[in-house]
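Student: Have a look; sequence and predicted model below, questions after that.
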Amino acid sequence: MKPSGVITLMTDFGLSEPYVGVMKAVILGHFASAVMVDLTHEIPAQDVAAASFWVERAYRWFPLGTVHLVVVDPGVGSARRAVVLEHEGHLFVGPDNGVFASLLDGASPKLVREIDQRLVGACQLSPTFHGRDLFAPVAAVLASGANDVKSIGAACELAPGHPWRPLRVPGEPLEGRVIVVDHFGNLITDIEACLLDMAPQVQVIVAGRTVPQVRTYADAKPGQCVALVGSFDTLEIAARDASAAMLLGVKLGDRVFIESN
Amino acid sequence: MKPSGVITLMTDFGLSEPYVGVMKAVILGHFASAVMVDLTHEIPAQDVAAASFWVERAYRWFPLGTVHLVVVDPGVGSARRAVVLEHEGHLFVGPDNGVFASLLDGASPKLVREIDQRLVGACQLSPTFHGRDLFAPVAAVLASGANDVKSIGAACELAPGHPWRPLRVPGEPLEGRVIVVDHFGNLITDIEACLLDMAPQVQVIVAGRTVPQVRTYADAKPGQCVALVGSFDTLEIAARDASAAMLLGVKLGDRVFIESN
Amino acid sequence: MKPSGVITLMTDFGLSEPYVGVMKAVILGHFASAVMVDLTHEIPAQDVAAASFWVERAYRWFPLGTVHLVVVDPGVGSARRAVVLEHEGHLFVGPDNGVFASLLDGASPKLVREIDQRLVGACQLSPTFHGRDLFAPVAAVLASGANDVKSIGAACELAPGHPWRPLRVPGEPLEGRVIVVDHFGNLITDIEACLLDMAPQVQVIVAGRTVPQVRTYADAKPGQCVALVGSFDTLEIAARDASAAMLLGVKLGDRVFIESN
């Protein structure tokens, strides 16, 4: 795989301390011309499911050969594995806590390797910050082309994951949940657009209320809550110029139902 | 116009989801060596007036030939136009909701074009995220020099705008308003320094109180509220090591008066 | 000193206004290929001690020849000096308010220069934003190699500083304080790991409670508060999947004691 030179970063570190900046320092030390793009550093603390959702939805927008660094790592310093994964022409680096399982959706990844810290020269890891001491240098040497995935360590299996998509049981109503409450108060669900028949006879029910379906935010009346296919192809509940989360009293993890009339 | 290769980004998307990161992905796909600078992504949701103020104040600090992408877009998916504008050697890309009218301040822009999505290959727009699907690719091809403004679409007029400057009526007190409450609690007003005669006989009145005029923050006594010309050449109300917004109980949109003794 | 081309930025400006973006504009105007890395812009307003801590802990992770721009500047516009400092192969630029004294820890810096604004062409400074008008251009010309430190101004002494490390008085218990409450609610103290003997017979006492010592976050029981050596080699109080600050009711500046049994 030919690297694009781009590295994306997604963490739950926030931006109030220089944790992300220091990861970038380490990347630049190994690959001075890295192009680094922040996906977000505001994943809710230790919310592996949200990270799993966003990396799966976001990676495909980047050039082929991009390295995606995902560090939401409640098990840092424990025996959990550190892995590199190749999938659909992209590389993924991070702790093996299930965050990457959604990418595969049951398929086999092309390559998975357990990071051998001796091979990448990361001999003295701090027990608390593998993002800086292990994952950043691995991402950098992969993005620069100095190392290929096979050189990173031995083949391994991925840990069982956090599949963010709900299962559809034929004949039963589809039940999903709110996987992200975004900056605008939009409720992003885990129900993929392709699972929906957004015809009028399908009802979207949240917080005990049926919300009408529209095509775009501007189709809603001011203050009205509506359902639509969101920007990343999942069902979303939104309100015109307002927060659907506040109007409906709905929060992360709450359930959303799709019923056929 | 010779592009500088720099693209600035200003949105109301926040940083808690990867919306901005995915716009950057699309830009890199069209222009791998783009230099991207975030202006801010914390414009209050749908606050076109604040975006209008900041783009007008900020653009001039960038190299000539910079492309400024401004996506505060409550009308996404509706019939509002998408435009590109050339002004003073800079390019501006975004929804035509009045955000760019302040740049011109009554003057005629050198060039305005309505974005023809067929010309830029953006055939399948999502109805909810034109920042990613339309404005990002247009900004990229302009910044790379692959396209010039005239190739983007047909000439058009700009929508009437959000002129952020108050009008001065001769013989009457000047009335402005708080257009930004910044991170420090400083009250940034829409009253330009050139409209003021910051002589001692002019009084600045906010929340019913007259605040003394100083040259710099350090001239205020601890806890004192003062008026000064701020960093972007408008009247600002600040407090020494404290939040003027909290001390005065003043919020976004509140009025500020300038009276001559 | 050969510049790396990298400039780090640390301020208390926040990200809600384009203050940082405009500093980057000025840097690009002087040095179009600058590699800019944000350390953080969420230093608590005017908290010079926190900035002093973070710059000292973070700079060493960057390539030699990096320029570190630190603008936490309550005295902007007053008579406080503006300085450039060379130390351990890195350059530091900012207001001379003690923020750089911790870097030296009593040693003499290799070079300190007072910025002569005439030499760098910054003739018309705003009285409120030297980050943009003075420090950004100086950082840019140093990082590009257009100027060396000696060309920036006359030699001077640094202002007395904010040494963030507590003194150890032989025979007395070591007393430190919480210097950062981070994004996770971890309590980062100013007690360096090398001052500690993390043996079982040493007790860490905070908020009147003795907290057990562990090696990594995953060693704590859920909800338990523990003491460990943090990622930047100082004593840290953390809780498993929770905020130690909330659990203990401890805040910035509170004291932490180390006692030998």
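Tutor: Nice, I can see it. Numbers count the residues shown, from 1 in each chain, chains lettered A, B, ... in the order given.
Student: drop to CA atoms for contacts and neighbour counts, all remaining ones
Tutor: Will do.
Student: Chain B contacts on chain A?
Tutor: When proximity is defined as Cα under 8 Å from any Cα of the partner chain, chain A approaches chain B at A:37-43, A:54, A:58, A:61-63, A:182-184, A:215-219, A:230-231, A:241.
Student: Among those residues, which are located in strands?
Tutor: Per DSSP state E, strands hold the following members of the residues of chain A next to chain B: A:37, A:38, A:39, A:40.
Student: For residue A:218, give me its contacts.
Tutor: A:240, B:74, B:75, B:76, B:77, B:78 (Cα atoms under 8 Å, 6 or more residues apart in numbering or on different chains).
Student: All the strands of chain A, residue numbers only.
Tutor: A:6-11, A:35-40, A:67-71, A:82-87, A:90-95, A:111-114, A:174-181, A:187-192, A:202-206, A:209-211, A:225-229, A:234-239, A:255-260.
Student: Relative to residue B:254, which of these is closest?
Tutor: Proximity to residue B:254, assessed across the strands of chain A by Cα to Cα, is greatest for strand A:234-239 (26.6 Å).
Student: tell me what the closest one is packed against?
Tutor: Judged by 3 or more Cα pairs under 8 Å, 6 or more residues apart in numbering or on different chains; DSSP states H and E, strand A:234-239 is in contact with strand A:187-192, strand A:225-229.
Student: now the helices for chain A?
Tutor: For chain A, the helices defined by DSSP state H occupy A:19-30, A:48-58, A:101-104, A:130, A:136-144, A:244-248.
Student: which residues sit in contact with residue A:156?
Tutor: A:112, A:113, A:114.
Student: How much space separates the first one from residue A:9?
Tutor: With distances defined as Cα to Cα, to the nearest Å, the gap from residue A:112 to residue A:9 amounts to 19 Å.
Student: Now residue A:169: phi and psi?
Tutor: Here is the backbone geometry of residue A:169 (degrees, to the nearest 10): phi -100, psi 120.
Student: no, scratch that, I was asking about residue A:231
Tutor: Dihedral angles (degrees, to the nearest 10) for residue A:231: phi -70, psi -20.
Student: So which of the contacts of residue A:156 is the closest to residue B:104?
Tutor: Nearest to residue B:104, judged by Cα to Cα, of the contacts of residue A:156 is residue A:112 at 55.2 Å.
Student: So what sits opposite the closest one in the bridge?
Tutor: Bridge pairing for residue A:112 (DSSP bridges) gives the partners residue A:85.
Student: give me the number of residues near it?
Tutor: Residue A:112 is flanked by 24 other residues according to other Cα atoms under 10 Å in any protein chain shown.
Student: quick one: it and chain C, what's the gap?
Tutor: Per Cα to the nearest Cα, to the nearest Å, residue A:112 is found 25 Å from chain C.
Student: I figured that residue was touching residue A:86, is that so?
Tutor: Yes. Assessed by Cα atoms under 8 Å, residue A:112 is found in contact with residue A:86 at 6.6 Å.
Student: How confident is the prediction for residue A:118, by pLDDT?
Tutor: For residue A:118, the model assigns a pLDDT of 83.
Student: Now it. Its backbone dihedrals?
Tutor: The phi/psi pair for residue A:118 (degrees, to the nearest 10) is phi -70, psi -40.
Student: buried stuff in the lowest-mean-pLDDT helix or strand in chain A?
Tutor: The helix or strand of chain A with the poorest confidence is helix A:101-104; it has a mean of 86 (mean pLDDT, DSSP states H and E). Neighbour counts using 16 or more other Cα atoms under 10 Å in any protein chain shown place A:101, A:102, A:103 of helix A:101-104 among the buried residues.
Student: Noted, bye for now.
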